[in-house]
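Asker: The following comprises the amino acid sequence and a computationally predicted model.
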Amino acid sequence: MKRIIAGLAAATRTAFSVSAEEYRVTVRTSALHPALLEVAFGKSVVFANFGRPAHVAMAKGGTFDTGRIRSGEGIRVRIMDTGTLDNVCAYRPSMRDRIVAT
């Protein structure tokens with residue numbers, strides 16, 4: 001399944017594998033790791049859920065929303081703009097990270 005969100009990012013369901021051209025954010029029960037990630041424009045970030053409950057990673061301002069990421073699932077988000085993306089889990093707002101795209 002592929003979704004284009006606001007023309008700035010594309011989200012795709014994927015396995016946990018991450019290529020050399022991608023970055024990974026690990027989703028655990030109560031945290032997103034790393035808390036700060038620098039990403040090159042046009043590259044992808046895989047949000048991989050290693051936690052038991054489902055999560056939804058979304059950028060404040062609506063740049064992207066992964067939709068529900070079930071345990072054992074990953075969502076690939078392609079970064080299509082430069083700048084800072086402050087992200088939060090829709091289910092657990094204390095889970096946050098920041099992606100800086102250059």
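Answerer: Sure thing, it's come through.

Asker: quick one: low-confidence parts of the protein?
Answerer: 1-20 (pLDDT under 70).

Asker: Please name the residues that touch the residue nearest the centre of the chain.
Answerer: Nearest to the geometric centre of the chain sits residue 47, at 4.3 Å (CA atoms, centre = their mean). By CB atoms under 8 Å, 6 or more residues apart in numbering, the contact list for residue 47 reads 24-25, 27, 32, 55, 57, 66, 69, 74-77. Quick note: C-beta positions are derived from backbone N, CA and C, even for glycine.

Asker: Beta-bridge partners for it, please?
Answerer: residue 25, residue 75 (DSSP bridges).

Asker: Distance check, the nearest residue to residue 48 once chain neighbours are set aside against residue 25.
Answerer: In this structure, residue 48 finds its nearest non-sequential neighbour in residue 74, 4.2 Å apart by CB to CB, 6 or more residues apart in numbering. Applying CB to CB, to the nearest Å, the value for residue 74 to residue 25 is 10 Å.

Asker: quick check, distance from the helix or strand that contains residue 45 to the centre of its chain.
Answerer: Using DSSP states H and E, residue 45 sits in strand 44-49. With CA atoms, centre = their mean, to the nearest Å as the basis, strand 44-49 stands 5 Å off its chain's centre.
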